[in-house]
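S.K.: turn this into a structure:
(2 chains)
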Amino acid sequence: MSYPPGVLPFIIIILPFLGLFIVWFIGIKISERLGNIATAVITGVTFFLVCSLYPAIAKGKIINWSIRFALPITVSFRVDALGFFLGFISSLLWFLASVYAIEYMKHEHAQTRYNIFSLLSFCGMMGIVFTGNLLSLYIFFELMAILSYMLVIHEETSEAMRAGLKYLFMGIVGGLLLLFAILATYVITGTLTLKATGLAGLKESSYFTFIFWAFIIGFGVKAGIFPVHVWLPDAHPVAPSPASALLSGVMIKAGAYGVIRTIYAIYGASLLASVLSSKLVIVIAIITMILGSGVALLQKEIKRLLAYSSIAQIGYVVLGASMLSSIGLTGGIFHILSHALTKGTLFLCAGAFIHQTGKREIAELKGIGHRMPITMICFTIAACSMVGFPPLSGFISKWLLAQGALQAAENGIFSLSWGFVILSALLFSSLLNAMYYGPIVIRAWFKEDLHSSHSSHSNPHHHKEEKVEKKDPTWEMLIPVIILSLFILAFGLYPQHPLFLARKVTQIYLGGGS
Amino acid sequence: MIGHEVAGPITIGISPLAVLPVVAIIIPLLGAFLVIFLSKKEKFRNAVVVATTALTLLVIALMYKPVIEGFHYHEHLYRYLEFNLSLFMDLGINFRVDAIGLLIALVTTFVWLLSCIYATSYMSVEHAQNRFFFFILLTLAANLGILLTKDFFSLFLFFELMAIFSYVLVVHEETKEAMEAGYLYLFMCIIAGLALLGGIVLMYIFTGTTEITPLSYLLKEMSTSLRYLMATLMITGFGIKAGVFFLHIWLPEAHPIAPTPASALLSGLMIKAGAYGILRTVNTLFAPIGEISPHLSEATESGILANLGYWLIWLGVITMFFGVVNALLSANCKRMLAYHSVSQMGYIILGLGCAAFLGKEGAMGLAGAVYHIINHALFKSALFLSVGAVYFRTRELDMYKLGGMWRNMPLVAVACFIAVMGISGVPLFNGFASKTILHHAIVEAYEHTLTHHPDIWLVAAEVFFCLTAFGTFCSNVKMWLFVFFWKQPEKFKHTKPAPLSMQIALSALSAAILFIGLKPNWLVEKFIGPALADFGFNPSSHAYHLLYSTHIEKSIKSTIPLLYDPKTFSLLNSTVIHNLLAGGLVVLGGGMTFILGYRFGWFHVKPSERISIKYWYILIAKGFAVAISRPSEVISRSVDDFYYLVAHEFLAIPFKLSHLRRKIKNNLIPFVFGLSEEAQISLWQEELANFLEKERRDTLRRLMRHYHIELLKQGVPADERWKKLQKEREEAHEEAQKIVEVEEKIIQETEKAMVRAGMARARRRERLLDLFKLLSEIRKNGDARYALQRLNIVSQVLPEISAEKGKLVGKDVVIVFAQRIKEKIEVLTKERELWEKLLDRAMEEISQAEISYRRIEKGLLEKTAGWLRKMMRIAAEILTEERVPWEVERYVSQKEVAEARTAIRRYTRDMSLNLLVIILLIVLTVILTLLPAR
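M.R.: The predicted structure is shown next:
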């Protein structure tokens, strides 16, 4: 039998689940630090297993495997290009965040609990991206939403509990909407399997729009699009930094993944092209982009700012998905990768700042570039990627999305003036990104009023470089950050492989055209 | 090498020289990282910097032959170098070097080298030198990248990189002004990048390529308005970088605040990248290359190009004029030079505009523009470097405060003089040639309009051109005079001359300026002429022919008479004399402007800040930021609050249901089933309430009387007495309230005890009435202030009585109760210490009881009743309030008040009942009417 065996997706999902018992045992009986290391090892092994799927996926193979209980309850696993894409990003980020957590969580309470629920959420996330039918997608979706609650409330302060409660309730409401939509789909179409060209039978149904919006809002709660984004700015800052990186970098992508599947696999592009609802989704995406960045301008605490920034960036992904153009979809999928890497870096760097200096407010992070240079360099690279400076990965996604808007206008999805509106919204939100990331980076590296205009030049050798104590974090926290920023640079300069995969997905769903 | 049978660019397959563009960019990158490693050894690091730039210059110089003269390979002529790194970044990073790109790159690297030599001594006293040299080399790489690329996509990459890297140079000083200027610079560059990106995306989608090559045949796929939009976006993007008027606001802030070597580079070279971009957009993309597509509609194509050119001409004119006016008004030398950069960029844009406007006849304009790019790079950097040398020694930038520097720094003075002559366009210096060609171009342009369609506006353009020339001369000579020539202030008498490296750099630049000035046709021959072939100019047009004739002995020669007739080297050519006269006119006009301005003090006019564009830009930018962020936050928060509201309503539903149930039970059932137990209880409660109210009133009265008497004893006058009584009344109210509450508690406890003992209701009522009297007595007998404490003792005694409940029966309970209480009080009065302790404990327990009593969640009805009670009390007080100060004794009988309160309660109860009945009737009616008739 050729490698990989069809059961591999199942193994990938089960492995963290089995691993959590090991971590539990080690964490309680032996030492918590070893428990952290064990978590990192397990996630690392899972990551390598996911990577091993790549050659088969690149050839275009789709891996299927299913367990039949009783019809229609079939738990089936299916890995196609999009699923692999997200699986790769999730496992990469989970692995790096777990390595980071070895050091970051060293002095925290309840480390074993954190590790266990991290692994469980990992399980849920892998389940979401590797499922073949809607029911198992729903099961894993709900599992992940509920299990990640424990990551959110880890600190157990009153603020954390409130944020966690909001997160949980909105997640549950979203899940219920999703359940409704899935049941309705099953009743109308008689099948739950995700297909490439949309499920037949939906078009004629009179509940078409209703179910569509139930899907979008249901997944949208997880993704964090306007108007169901309100849990995000509370939940992401209160979680510990590695969990924030995972929440922001990976788990909201599950929602975006769901939106993509809805639009293309359940409904189908040709069906939605002439429907008002898909245009409304575009409008919502644009509002999300601008609103997220707009509120981020006013934030004073760094993690909250990053959370609002995530809202804006997920708007990009949803925009790419909903424009129904091939380049746009490629851009949206690429942005999943780009944002995961970028936001992961940013949150891990923010966590490094908090860990080393205890400072969360942006005003207090002045001049931190001299004390923690390596961390700040990675932060700068990630911030530049957010703004969209070439040759970083953020630029590639913006480049593709901009093209997608005009291509969709050319194809007649919407008029050319709408295409220009979307284009200007994209450019404008780049500018907004620069407006709030710029000051952070600049104030970190350049200290104002270090020298007044003419005074200190009269003594030429009076001032040397001040000896600033360098307080970069240890290698466990530094290496993941460096790896992520290197990936940002690498995928910006050489985006061939992710683009190849994304184009594969686009070919399946939109048929042709890059 | 003459003629047009060029087979294509020199790629890597043809010659290894094709890698040179990449090499030229990688060398500064490597040099930059080497600087980081050598950060400790200053001298070595400086040497590395200079060597790196020199090496880059060598590499660029090596590219001359393949690009300008071409390569023979397999009997075909190949020109231009091309190298594609197509694996990178989706579309690949592609390089192509053609004549214009090479020319500008050559000048760039040359000036960069001299700047770095200069910087080794200038920066030796600054902070963060490593950072400076690191970024200056990176900026060189990015700048070269812009000039050597094949398509707009790669150009964009280097454009953005240059913005980031040069930002670090601008904010080098890290003062407040530097950071502000830096923000302005960075954000204008980011906006430029975004506009450029918009244009590039448009281009890519609608034509399928971003290559910098004449694309008329593809462009006509786009509608006219789209083409204009694309061109406008790209011109805006490049124009921000170039510093055209209206988008130039960052320039006069950023260039002065950067350290001088960086200023020289920013002003001399980096804004040329913007001009280069405009050149590529307008003149290359839209180039009127007719032979590529015979189906090309000539009219439309050249129409668009001509329109673009026309607007560029005007843009150039406005830029140059306003630049020079602002320069005349500046006192800071570097700021003046920055404004001059804006003004000279106007010349370049003007040239480009003329070239586009005249289409196939526009060779003169293009040649002038490119020539001026070269010249400006040379003389502007010379000016900046000399001003910087003066600043280095004197730390003074205001030209009115300097003077007589020629004594201390003779070489700098001479170099500056040469540069001043250059920028003014005086014959024998390099500016003369380019300004002459540009003047020819604008004259051609307006002659063209006069013959083809009457349009006098371009004549006005030419007038502004001349005025600007006067202003330029005036302003620069003014600076030179003020800084180097006139009276020297005392404190600068002993300034040392400039360091050696600065002198070297300045001499090299002056030599270049003089060389070009004395041999103006050399540049046209060697570089500009060969470049003209790419732009679609008609080879037989007068201008082209004039500039670059290929008929003379199979070699490229420039025949345009600038300083002298190149064929005969004589000055007696009519054109030459015309040019020289024009140069003389400039000197004259400039001199007159200077004299007039000096006389009338025009140079010290300070226009208000509000008419500056920068003020409005920053205002609009801040307004934008607020307009986006505040409403977004409000919207986000309202959505959040809405969800909270919904959630709370949702979660409160069960509670509301139980309240509703109880309300129905209490109101409906007594009505339906007659006065039941509850009704009787409520009647009883009325009596209780009456009693308590009576007690309260009485207490209040007694306390107030007590205070009143005290005050009378103290002999306080009447109105003061009243004020003090007001104050005491608050406390008296509280005291009365507490007493009432204790009494209520005692009564309730007793009732519970009696219920437990199994007494019948009627009996209980009697006993409790007795208890009322007892409590009243206890309260009244004795000092009014200690009523509360007495009652507390009673409440303490209660548990003991309850314990004996089994033994006492009937009437005896209360009597025994009373007896016990009286005994206790007597006992306690005898023992004073116990009394005090009991007092304290009683107070504690009372307060505890109060707190825990308040915490109990009261049902809705009790809450309403309590509220009603409070309201009644307040109403009663208000009714009786007036009388307190002068008639303490007389109170309204409280019985009416209590009765009124209970009447209201009964009334509300009945009303709700009535309402319920009415609703039921309506529902019934509706159901009955809607029932289908059988």
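S.K.: could you find the closest non-adjacent residue to residue A:137?
M.R.: For residue A:137, ignoring the flanking residues on the chain, the nearest one in space by CB to CB, 6 or more residues apart in numbering or on different chains is residue A:131 at 4.7 Å. (C-beta placed from N, C-alpha, C; glycine too.)
S.K.: tell me which element whichever residue of the stretch 51-200 of chain A sits closest to chain B falls in.
M.R.: Nearest residue of the stretch 51-200 of chain A to chain B (CB to the nearest CB) works out as residue A:169 at 6.8 Å. For residue A:169, the element it lies in under DSSP states H and E is helix A:158-189.
S.K.: next, the buried residues of that helix.
M.R.: Residues of helix A:158-189 classed as buried under the neighbour-count rule (16 or more other CB atoms under 10 Å in any protein chain shown) are A:160, A:163-168, A:170-171, A:173-175, A:177-179, A:181-186, A:188-189.
S.K.: next, residue B:80: phi, psi?
M.R.: Recorded main-chain torsions at residue B:80 are phi 70, psi 140, according to degrees, to the nearest 10.
S.K.: residues near it, how many?
M.R.: Other residues within reach of residue B:80, judged by other CB atoms under 10 Å in any protein chain shown, total 24.
S.K.: my guess is it contacts residue B:67. True?
M.R.: Yes. Shown here, residue B:80 and residue B:67 form a contact pair, counting by CB atoms under 8 Å, at 5.7 Å.
S.K.: what's near enough to touch residue 166?
M.R.: No chain in the question, so chain A it is. Contacts here follow CB atoms under 8 Å, 6 or more residues apart in numbering or on different chains; on that basis residue A:166 touches A:230, A:231, A:234, A:235.
S.K.: my question was about chain B
M.R.: Contacts here follow CB under 8 Å, 6+ apart; on that basis residue B:166 touches B:135, B:139, B:142, B:185, B:262, B:266, B:270.
S.K.: state the pLDDT value of the last one.
M.R.: The reference is to residue B:270. According to the predicted model, the pLDDT of residue B:270 comes to 89.
S.K.: how far away is it from residue B:136?
M.R.: Residue B:270 is 11 Å from residue B:136, where distance means CB to CB, to the nearest Å.
S.K.: those two: who's more crowded?
M.R.: The residue with the greater number of neighbours, taking residue B:270 and residue B:136 and applying other CB under 10 Å, is residue B:136; the counts read 29 against 23.
S.K.: name the helices or strands packed onto the helix or strand harbouring that one?
M.R.: With the criterion set as DSSP H and E, the secondary-structure element containing residue B:136 is helix B:129-147. Helices and strands in packing contact with helix B:129-147 are listed as helix B:20-37, helix B:42-62, helix B:99-122, helix B:152-170, helix B:260-265, helix B:271-278; criterion 3 or more CB pairs under 8 Å, 6 or more residues apart in numbering or on different chains; DSSP states H and E.
S.K.: before we move on, back to that, what about the closest residue in space to the residue of the stretch 51-200 of chain A closest to chain B that isn't next to it in sequence, is that helix, strand or coil?
M.R.: Across the structure, with CB to CB, 6+ apart as the measure, the residue nearest residue A:169 apart from its sequence neighbours is residue B:647 (6.8 Å). Assigned with DSSP: H, G, I helix; E, B strand; the rest coil, residue B:647 falls in the helix class.
S.K.: quick one, what contacts residue B:445?
M.R.: B:313, B:354, B:357, B:358, B:365, B:458, B:461.
S.K.: now chain A against chain B: closest residue?
M.R.: Chain A approaches chain B most closely through residue A:294 (3.2 Å), counting by CB to the nearest CB.
S.K.: was I right about that residue contacting residue A:432?
M.R.: Yes. Checked against CB under 8 Å, the pair residue A:294 and residue A:432 is within contact range at 6.8 Å.
S.K.: overlap in contacts, those two.
M.R.: Listed as contacting both residue A:294 and residue A:432 by CB under 8 Å, 6+ apart are residue B:628.
S.K.: what does the stretch 201-350 of chain A have sitting close to chain B?
M.R.: When proximity is defined by CB under 8 Å from any CB of the partner chain, the stretch 201-350 of chain A lies next to chain B at A:226-227, A:229-230, A:233, A:290-295, A:297-298.
S.K.: closest one of those to residue A:394?
M.R.: The nearest member of these to residue A:394, counting by CB to CB, is residue A:293 at 13.6 Å.
S.K.: neighbours around the closest residue to the closest one other than its chain neighbours, how many?
M.R.: For residue A:293, ignoring the flanking residues on the chain, the nearest one in space by CB to CB, 6+ apart is residue A:432 at 3.7 Å. Counted with other CB under 10 Å, the burial measure for residue A:432 works out to 25 neighbours.
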